[in-house]
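**Student:** What would the 3D arrangement of this be:
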Amino acid sequence: MEVKEMTISDVLKTPAFYNNLKVVISDLENTRRKAGMMADAPLKRHPIDRLQERGVFEPGQMTVLYANAMDKKLQGYSSSERKFILEVGGEAFNITMKRYMWRYKNEKA
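**Tutor:** Have a look, this model is predicted:
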């Protein structure tokens with residue numbers, strides 16, 4: 001399938017999106033862990049903590065949550081959690097699309 005024919009749903013199903021989401025999640029977890037080690041007091045609760053407790057802060061589950069949040073069908077999550085899910089998924093989506101567009105432009109040249 002050509003890039004220009006891909007829908008958002010198609011992009012979310014790609015291995016590239018999954019891998020980019022995995023990198024974004026890993027970076028966030030590492031940043032949070034480092035901040036916790038450097039802090040003098042416990043860190044305030046963050047959506048990362050709540051999503052980890054639910055066991056959904058991993059690429060497969062986050063893809064589903066991101067798709068549902070974009071469709072405004074995500075229930076059972078606070079507004080801060082939904083916003084965070086949209087931001088994390090959006091970052092991975094943008095990285096994925098930049099790479100696809102770069103490939104598309106180079107194939108056309």
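**Student:** spatially speaking, which residue is in the middle of the chain?
**Tutor:** Gly89 (2.7 Å; CA atoms, centre = their mean).
**Student:** Just to check, that residue is in contact with Tyr18?
**Tutor:** No: the pair Gly89 and Tyr18 fails to qualify as a contact (CB atoms under 8 Å) at a distance of 11.4 Å. Using the backbone N, CA and C atoms, a C-beta is placed for each residue, glycine as well.
**Student:** tell me which residues in the helix with the most length in the chain are buried?
**Tutor:** Longest helix in the chain by number of residues, with DSSP state H as the criterion: helix 79-108. Judged by neighbour count (16 or more other CB atoms under 10 Å), helix 79-108 contains these buried residues: 81-82, 84-86, 88-89, 91-93, 95-97, 100.
**Student:** Report the rounded mean pLDDT for it.
**Tutor:** For helix 79-108, mean pLDDT rounds to 93.
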